[in-house]
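**Student:** Let's see this in three dimensions:
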Amino acid sequence: MGLDVPTPNPPSSYREARDDEYVSDGTRRAEIRAYLTGTENAWGEGFTEWTIDTSLTETEYDVVVELGLLAEFDFYWDDERQRIEYTAPKIPDDWETSETFDSFDSWETVSAINGELDNLGETVAGVLTNYYVSWDSEDGVVDMFGSQFNARDDVLTDVQDAKEEE
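**Tutor:** Below is the predicted model of the structure:
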C-alpha cells in the first residue's frame, strides 16, 4: 500500500527517566543518536523503507504524529544479543474514551497501528545494526592484518612500521 509522507525528525535516544534504567549504555546511546541523525541518516533510511510497505492510512499516521508517538521510540544496544533493540510506542489503552481517536472504530485498527509502529522500530533497528553499528572488537583483525588495517598506517611512524615488521 505505502504511505507518502515526509520523514519526521528522529526520536531522541536520550531521556533522563529511561536512561536511569540503562546507566551502562550511555555512550552507546550517544553513538546510536549520531547514526540516527548524522550523515548516515539511519532514521531517514529506515523510515523511508517502512513507508513503502506500511498499511497505515494518512489519517492513522496523522494521529500517530499528533500524539508524538514517533518521538517515543527507544533504540538501544543489547550486549547479550549484540544488536540494536528498540521499544516501540503504543496507542494508549484508553483510546476508546478519547476524542483524539474518533476515527478509530475498533481494537483491530489500534492493533494494526501498534503493529505498524513495531514494524517501523524493527526496520530502523535493522538499518542501524546491519549498516552502521560495528561495535565488535577489531583486535582480531588488527592481529591478522597489522596496524595498517582501516587506514591506521597514517598514524604510524617509520620507526613503528619497522618494529611491527620485525
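**Student:** Quick one: low-confidence residue ranges for this structure.
**Tutor:** 1, 13-27, 132-166 (pLDDT under 70).
**Student:** ok, which stretches of it are strands?
**Tutor:** For the chain, the strands defined by DSSP state E occupy 74-78, 83-87.
**Student:** winner for burial among those?
**Tutor:** Neighbour counts (mean count of other Cβ atoms under 10 Å) averaged over each of the strands of the chain peak at strand 74-78, with a mean of 20. Every C-beta, even on glycine, is put in place using the N, C-alpha and C of the backbone.
**Student:** Send me it as PDB with only the CA atoms.
**Tutor:** Output of strand 74-78 as PDB, limited to C-alpha atoms (Å, rounded to 0.1, in the frame of the first residue of the first chain):
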ATOM      1  CA  ASP A  74      13.700   3.900  22.100                       C
ATOM      2  CA  PHE A  75      16.700   2.400  20.400                       C
ATOM      3  CA  TYR A  76      19.400   0.900  22.500                       C
ATOM      4  CA  TRP A  77      22.300  -1.600  22.300                       C
ATOM      5  CA  ASP A  78      21.700  -5.100  23.600                       C
END
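**Student:** who are the neighbours of it, in terms of helices and strands?
**Tutor:** In terms of contacts (3 or more Cβ pairs under 8 Å, 6 or more residues apart in numbering; DSSP states H and E), strand 74-78 is packed against helix 26-37, strand 83-87, helix 107-127.
**Student:** same thing but 7 Å
**Tutor:** If you count contacts as 3 or more Cβ pairs under 7 Å, 6 or more residues apart in numbering; DSSP states H and E, strand 74-78 packs onto helix 26-37, strand 83-87.
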